Structures are given as structure tokens and as C-alpha cells.
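Enquirer: After the sequence you'll find the predicted model.
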Amino acid sequence: MNLEELNDPSESIHRAAEIIRRGGVVAFPTETVYGLGANAFNPRAVARIFEIKNRPHFDPLIVHISEFEEMSKLAVPVPADARRLIERCWPGPLTIVLFKKKEVPDIVTAGLPTVAIRMPKHSLALSLIRESCCPVAAPSANPFGYVSPTTAEHVREQLGERVDLILDGGPSAIGLESTIISFSGEKPILLRPGGLSLEEIESIIGKVELNLSEEAAPASPGRLPRHYAPRTPIVTEGWEKNLEAYRNGKIGFLAFRENRLSFPFHHVEVLSPGGDLREAAANLFAAIRRLDALNLEMILAETVPEVGLGRAIMDRLRRASKRSEVDDATQE
Ligand code: TXA
Ligand code: MG
């Protein structure tokens, strides 16, 4: 069963929830990107997620909940700052890493003593979790190392044959994965910039340390240098000075705002004509996919200001552009 048309959303959700309760795997929409979900307390069902994505087992999953009370099944006491963030930002594009309860299966957390938890802000996702009667472990619904899906069609193209059902909730409103903050140390640490801006987080709990380094990569492969990468090489910094060198190539342009370059690009994708970072974030992954389908030699990507969602956009672009430094064996 593949793409589930939403003629009757509640019927689709009943069927999806039934599949999850029986140990199956369902792709579902969230406000950030599409997820690939299974019952977090069923290790065999979770193992199928890893198989479908071709994801290494050292890469832990986020557990999705629909009610605050579900936290108590997953994590031991929640620090005060984490609680304040949760109260203000859930449901929403924020994932919190906390020490886990022993009942949370090791396959979900890749053997780590911590678990990542989030409450998505999407009515289909929340209904699905509620009707499934269990927390839902879900990574983004893409093959490991590739760009996250922001439509049901993206999921169908890459994983359609392999999942039990795809719930279609239209394009993801935010288009970038959630922001991840760890509360497992003395101070909160930002592990992944994402759909909730650092500015907003710091306005609630004060200064947050950044740890976006690659040292902890095995514990958080979203931070592997070349993650979120299309097949086509992407260059995101320094190309402007050297543009003439690309003149004879089949080159695509990922423009942040309206394209003002008079260069014969094979194809141009404009993320936000007026230069709005939210609009750019929402369009980013679909634009990268369209460019990647054109067999280009190279994609040149314009940089965006590193404020608000711009931080997460640049994080994804830099990782997508860092291909030569990582052994391909760590990808896909
Ligand atoms: O917006 C999102 O977060 C989406 C939607 C579906 O919710 N999910 C998502 O999942 O992006 P995934 O698996 O593609 O990325 C989750 C990241 C990974 O880089 C993983 O390593 C990290 O979260 N992570 C999960 N559990 C962790 C933990 N206990 N400690 C540190 N990092 C963790
Ligand atoms: Mg992912």
C-alpha cells in the first residue's frame, strides 16, 4: 500500500494507527519534514525503520509524543529549563535530549543513556500518535544521508515500495528538521540548529552552548560533515569570485532571493524572491531535489544570513557541500 489519498483523513489515520499498533512502519507528515514511524516500544518494528532507511544502528531516533504525560514513560525527571522550553515550544520544531528510562529500547537510542523526544505540531501526526496509543520513534523518511522529504511524493519516490503506508498531509510548513537541544549535561547544548531559532530558545532559557562539532558524530549523525546531501556536488561558499570557471558546465543555481546574476545557468531555483528566511527554509529541500534530478555537474548555492532559520539553512548547505572530506562508506 503506497500513497494514501486523504479523501477521508480520519479513515487514513485509523489505518495508519492500526499498522503501527501491529508493528508496522508508516510515513507521516510533520511541520518540519516527513517522518518514518514505528512503535518506540517495539524493537522489531524499530529495526525495520533502520532497514528501510539503510541507516546505521549507531544513529539514534527521535521519539514523538502527542501528550506531555507521555514524557514520564520515556525520561527521568525533566530539568527546569527543559520544562520551560517544552511548555513554550511544544508542539513544535524542538527536540529535547534527556536521560532515558530503562524501558526505552536500546535500538531506539543506539545504546545511549539518553533519549531524544519531540511533540510535532501537525494535526495528522498528533492524531496518529494518539490513536497508535504509543510513542512513535521516527527519523526523517529518506534514505540515510540524503535530503529529508518535505512532501509525501518525496517519500514515495525513494521509499514508497518499502513502507506499509504513507500519510499525505501536504508540504511540510517549516521544511527543516527540528532543533535539537541536549539537557544531559550541566548546561543545555544545541546539537542541531533547526526549525526553532536559537534566538527564540535563548529568549526563554538564556545562553545555550553550541556543539555542532563532528567529534560526537557517531552519537548524532545529523552532524556528520556530509549529511543531507544530494548526489550532485554543491558549492556554497567562495564560488562568486570564480564564476567564469563554471561557464562551460551544466550548472544549477540555488538562489536565496531573486536571481540577479547574468550567468547562463542550466536551471535556477529561487528559495524566496523577497529574501524571507522562513519561506526559504520551507522551499530548501524540495528545490535541492529538483536540482538533483537534472544531472547537473554542479549546484552553486547562495549563502543566506545566519540569523533565525538562516543558521539551520547554512548548516544544511555546508554539510551538503562537504563531500570530498568524508569517506563515501559512511553514507547511504
Ligand atoms: O524534525 C525532525 O526532527 C524530524 C521529524 C520527522 O521529527 N526527524 C528527524 O530525525 O530529523 P532524524 O533521525 O533524521 O534526525 C535525528 C537526529 C539524528 O542526527 C540523531 O543522531 C539525533 O537526532 N539524536 C537522536 N537521539 C539522540 C540522542 N539521544 N542524543 C543525541 N542525538 C540524538
Ligand atoms: Mg534525517
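Expert: Arrived safely, thanks for sending. Ligands and ions are numbered 1, 2, ... in the order given.
Enquirer: Can stretch 175-185 be said to contact ligand 1?
Expert: Yes - applying C-beta under 6 Å from any ligand atom, one finds that stretch 175-185 is in contact with ligand 1 at Glu177, Ser178, Ile180. C-betas here are computed from N, CA, C, even on glycine.
Enquirer: Among these, name the buried ones.
Expert: Among the residues of stretch 175-185 next to ligand 1, the ones that count as buried by 16 or more other C-beta atoms under 10 Å are Glu177, Ser178, Ile180.
Enquirer: now the strand or helix carrying Glu202: how far from the chain's centre is it?
Expert: Using DSSP states H and E, Glu202 maps to helix 198-205. Taking C-alpha atoms, centre = their mean, to the nearest Å, one finds helix 198-205 lying 20 Å from the centre of the chain it belongs to.
Enquirer: other SSEs contacting the helix or strand following that helix?
Expert: Scanning forward in sequence from helix 198-205 by DSSP H and E, the next helix or strand is strand 209-210. With contacts taken as 3 or more C-beta pairs under 8 Å, 6 or more residues apart in numbering; DSSP states H and E, strand 209-210 sits against strand 189-192.
Enquirer: Name every strand pairing with the strand it packs on and say which way it goes.
Expert: Strand 189-192 pairs in its sheet with strand 179-182 (antiparallel), strand 209-210 (parallel), by DSSP bridges.
Enquirer: can the buried ones among the residues of stretch 175-185 next to ligand 1 go into JSON lines with extra columns for pLDDT and distance to Val307?
Expert: Formatted as JSON lines, those follow (pLDDT from 0 to 100; distance: C-beta to C-beta, whole Å):
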{"residue": "Glu177", "pLDDT": "98", "distance to Val307": "19"}
{"residue": "Ser178", "pLDDT": "98", "distance to Val307": "19"}
{"residue": "Ile180", "pLDDT": "97", "distance to Val307": "19"}
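Enquirer: which one among the residues you listed gets closest to Leu159?
Expert: Using C-beta to C-beta, Glu177 is the member of those that lies nearest Leu159, at 16.8 Å.
Enquirer: Now do the same contact list for the closest one.
Expert: Contacts for Glu177 (C-beta atoms under 8 Å, 6 or more residues apart in numbering) come out as Thr32, Val33, Pro93, Ser140, Ser148, Arg192, Gly194, Gly195, Gly222, Ala312.
Enquirer: Let's see that with 6 Å instead.
Expert: Thr32, Val33, Ser148, Gly194 (C-beta atoms under 6 Å, 6 or more residues apart in numbering).
Enquirer: In helices only, show me those.
Expert: Among the contacts of Glu177, none falls in helices (DSSP state H).
Enquirer: Among those, name the ones that also lie close to ligand 1.
Expert: Thr32, Val33.
Enquirer: Using TSV, please lay out the contacts of Glu177 together with neighbour count.
Expert: Output for the contacts of Glu177, formatted as TSV (neighbours: other C-beta atoms under 10 Å):
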residue	neighbour count
Thr32	30
Val33	27
Ser148	26
Gly194	27
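Enquirer: Just to be sure, Glu131 is in a helix?
Expert: Yes - according to DSSP: H, G, I helix; E, B strand; the rest coil, Glu131 belongs to a helix.
Enquirer: Excluding chain neighbours, what is closest to it?
Expert: Leaving out its chain neighbours, the residue that sits closest to Glu131 by C-beta to C-beta, 6 or more residues apart in numbering is Ala17, at 3.5 Å.
Enquirer: What about that neighbour, how many residues nearby?
Expert: Residues near Ala17, counting by other C-beta atoms under 10 Å, number 20.
Enquirer: and what of Ser182?
Expert: With other C-beta under 10 Å as criterion, Ser182 counts 24.
Enquirer: let's have the chain start at 161 instead
Expert: In the new numbering, first residue 161, that becomes Ser342.
Enquirer: got a list of what it touches?
Expert: Applying C-beta under 6 Å, 6+ apart, the residues near Ser342 are Val257, Ile349, Leu351.
Enquirer: gap between the second one and ligand 1?
Expert: Counting by C-beta to the nearest ligand atom, to the nearest Å, the gap between Ile349 and ligand 1 amounts to 10 Å.
Enquirer: give the contact list for that residue.
Expert: Counted by C-beta under 6 Å, 6+ apart, Ile349 has contacts Ser342, Glu369, Asn371.
Enquirer: Now render the residues you listed as TSV, adding pLDDT.
Expert: Shown next, in TSV, are these (pLDDT from 0 to 100):
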residue	pLDDT
Ser342	96
Glu369	90
Asn371	81
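Enquirer: And the residues you listed, which is closest to ligand 1?
Expert: Nearest to ligand 1 among the contacts of Ile349 is Ser342, at 6.1 Å by C-beta to the nearest ligand atom.
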